[in-house]
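Trainee: Give me a model of this one.
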Amino acid sequence: MFRRDYLMNMIEQMTEAVGQILQLKRELKHQDALLVIDELLDKRFGLSGKLIRSLSDKDLMAVLTTNGVMETDKIQAIAVTLKQESELHAELGNEDASFASGLKALQLFMRLSLVDAEPTLANPSKEAGELLERLKAYELPDHVKQLQAEWLEGEGQFAGAEDVLYELMEDGAVTGEEVEAFYRRLLYCDDEKLEAGGLPREEVQYGLDSLASNK
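Mentor: Okay, here's the model as predicted:
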């Protein structure tokens, strides 16, 4: 009962805040909208906006986990807020700031998707896909690509995960053994799932054989 009331209150407050931000955007009051975001990050989540922005996505999720229970609703709210901040900066031409906020939001949404977080404020999988599309013009850091590969695999987008893993292997960010482990995990999937993921069983086996021949 308490959690439901807390969740409903959070949804109501976030809906109101996002509505205010969108209205300010329509009125071309982008700086005012950014101030609303600063206030939201500073006062709503029990952490300062400065800390939220400085912590890595992994550390932020650790801070918002108590006794093994992750506050996925709060993390979703932070990700939604950072996505709005990224869009505002983009419209203002602040490319670096837009990328930084968008990247943090992307990582949080991918991690939420990987833990099957209930989509209370947003659909983490859908949001992650949209942010990846919006950030595709940028070269993502290796650690984000590693998370992307994990997320794509979790989404059943096996061909996409393979492409990212090979990019990482070429850059020396992952080993051939890690790519081999990816293929071996796929061998446990049924043929229909592999086909849907763009990586039929024969291609999985070909990938394994190619790695073995290059050892």
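Trainee: ok, which stretches of the chain are helices?
Mentor: 2-26, 30-43, 49-54, 57-63, 72-92, 95-114, 124-134, 142-154, 158-170, 176-186, 191-196, 201-213 (DSSP state H).
Trainee: For this protein, identify the residue most remote from the centre.
Mentor: For the chain, the residue at maximal distance from the C-alpha centroid (Cα atoms, centre = their mean) is residue 213, at 34.8 Å.
Trainee: Which pLDDT value goes with that residue?
Mentor: Here the pLDDT value assigned to residue 213 is 84.
Trainee: Repeat that for residue 50.
Mentor: Looking at residue 50, the pLDDT reads 89.
Trainee: Residue 5 now?
Mentor: pLDDT, residue 5: 64.
Trainee: Then residue 207?
Mentor: For residue 207, the predicted pLDDT is 95.
Trainee: For the helix or strand of the chain with the lowest mean pLDDT, could you pull out the residues that count as buried?
Mentor: Within the chain, no helix or strand scores below helix 2-26, which has a mean of 78 by mean pLDDT, DSSP states H and E. Buried residues in helix 2-26, counted by 16 or more other Cβ atoms under 10 Å: 10, 14, 17-18, 21, 24-25. (Glycine included, C-beta is placed from N, CA and C.)
Trainee: what does it rub up against?
Mentor: 30, 32-33, 36-37, 40, 44, 73-74, 77, 80-81, 84, 87-88, 91, 120-121 (Cβ atoms under 8 Å, 6 or more residues apart in numbering).
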